[in-house]
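Novice: generate coordinates for the sequence data below:
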Amino acid sequence: MQRQLREESDYDQLPDDVPISAHIADAELIKRFNSHYVFAIQVKQKGGGKYFIFRRYRQFYNLHIKLQERFSPENPKNVYTCELPSLPGKVYVGNKQDIAEKRIPELNIYMKKLLELSVWVLLDEDLRIFFHQTVKDSEHVPRSLRRLRPTTQRVKSHKGKEIVREKSEAPQAEALYDFTGDNDLELTFKTGDIIYLLKRVNDDWLEGILNDCTGIFPKLFVRIIKDLSEEALDAKEGRTGAHVIRCIYHDAHCCEIRNVTLRDAVPVHPDHTELLSLMRTEFGKEDIALNYRDPEGDMVRIIDNMDVELMALEAKVHSKVRRPDFAPWELHVTRKADLSVYNTNP
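Specialist: The predicted structure follows:
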């Protein structure tokens, strides 16, 4: 069986219940006679199944010792050998919570490299027992999942309308390890790839672009070459950090400027319907249209969320609004039937 699995179709012949990836979602304190921390680990199987297991560092250590005895090249009796990844060492002094938190990224790397080893390692009995969900695991509900991939959406591209920054000026990172995304929302890359950063999703995940593909990935797997701008850092929660929108109302007889203050921060890409409703309330008129000025100075009508996103993208490069409490773009409000504000010349 092991010899057969060494052929090119190794992966296809593996059982569906073999673990292929694992990621620590959180570290939980177990209060007993001897209080200790366990790691809540989400495991993904080859067949697509996902579940949680809960393991102490001691169990990681015991597994590593058994795998060393069985697969270490230093033991001449071992028929199948491989170079095992390094396990973070034992720590005897220090705060237990700090130790557990520090171990999370190290153990994530260890599990990733471990599950990328040869198929005979994946079929090892002790390894499969370690990643197997016991009855006790299935009854244990994680208290929080703060390190799992956050919910997000892919960045839409606008053919012919994209704002392209000079690559030398763009925030970027170098991949330290290979990373294979679990789905279309996650970016796949190899060691050494240069990823251009779009935003910080949370403390553990970034969003970037590589070879015209956009997706999110763990910060742990890259080295930051040039960090995101302050604007991008403020937008990690989908907000600009600003609370004021500058609005310019155009009428046949006057042009009025208003600064509309919001209770919450202005979204990076506001919803068009909500923005329209806000302006109708602010100006007391129903028959209005929303617009922005493009880099050439022409008025462009906003009719959907894609136009709002394009307005925000262009504002990153051409914004004239400098105050940090103001949104980086200006909103121009006109009467819906007034087409005289648009440049219709070819």
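Novice: how is the protein divided into domains?
Specialist: 2-139, 172-236, 244-335 (automatic domain parsing).
Novice: how about JSON lines for these, with distance to residue 343, mean pLDDT and mean neighbour count added?
Specialist: Where you see a C-beta, it was placed from the backbone N, CA and C, and this is true even at glycine. Below are these laid out as JSON lines (distance: least, Cβ to Cβ, whole Å; pLDDT from 0 to 100; neighbours: other Cβ atoms under 10 Å):
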{"stretch": "domain 2-139", "distance to residue 343": "52", "mean pLDDT": "86", "mean neighbour count": "15"}
{"stretch": "domain 172-236", "distance to residue 343": "29", "mean pLDDT": "79", "mean neighbour count": "17"}
{"stretch": "domain 244-335", "distance to residue 343": "4", "mean pLDDT": "83", "mean neighbour count": "15"}
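Novice: ok, which stretches of the stretch 51-200 of the chain are strands?
Specialist: For the stretch 51-200 of the chain, the strands defined by DSSP state E, counting those that start in this stretch occupy 172-175, 194-200.
Novice: so which of the ones you listed is nearest residue 247?
Specialist: For residue 247, the closest of the strands of the stretch 51-200 of the chain is strand 194-200, at 25.7 Å, according to Cβ to Cβ.
Novice: chain center to that closest one: distance?
Specialist: 10 Å (Cα atoms, centre = their mean, to the nearest Å).
Novice: in a markdown table: the strands of the stretch 51-200 of the chain, plus distance to residue 308.
Specialist: Listed next are those as a markdown table, based on distance: least, Cβ to Cβ, whole Å:
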| stretch | distance to residue 308 |
| --- | --- |
| strand 172-175 | 27 |
| strand 194-200 | 16 |
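Novice: mind naming the longest strand for the protein?
Specialist: Secondary structure assigned by DSSP state E gives strand 19-30 as the longest strand of the chain.
Novice: re the thing from before, which of the strands of the stretch 51-200 of the chain sits closest to residue 126?
Specialist: Evaluated over these, closeness to residue 126 peaks at strand 172-175, with 30.8 Å, by Cβ to Cβ.
Novice: contacts for that closest one?
Specialist: 189-197, 206, 208, 221-226 (Cβ atoms under 8 Å, 6 or more residues apart in numbering).
Novice: got it, and stretch 17-26?
Specialist: By Cβ under 8 Å, 6+ apart, stretch 17-26 touches 39-47, 49, 52, 104, 107-108, 111-112, 115, 122-123, 127-128, 131, 142-148, 182.
Novice: stretch 99-110 now?
Specialist: Contact with stretch 99-110 is made by 23-24, 27, 37, 39, 57, 60, 85-88, 91, 147, 177, 218, 220, as judged by Cβ under 8 Å, 6+ apart.
Novice: closest to residue 274 among those?
Specialist: Using Cβ to Cβ, these come closest to residue 274 at residue 147, 31.1 Å.
Novice: check what pLDDT the closest one gets.
Specialist: Residue 147 is assigned 56 on the pLDDT scale.
Novice: and for the one 3 residues further on?
Specialist: As summarised for this prediction, residue 150 has a pLDDT of 50.
Novice: ok, the nearest residue to residue 73 once chain neighbours are set aside - contacts?
Specialist: Nearest residue to residue 73, sequence neighbours excluded (Cβ to Cβ, 6 or more residues apart in numbering): residue 81, at 4.3 Å. Neighbouring residues of residue 81 by Cβ under 8 Å, 6+ apart: 71-73, 75.
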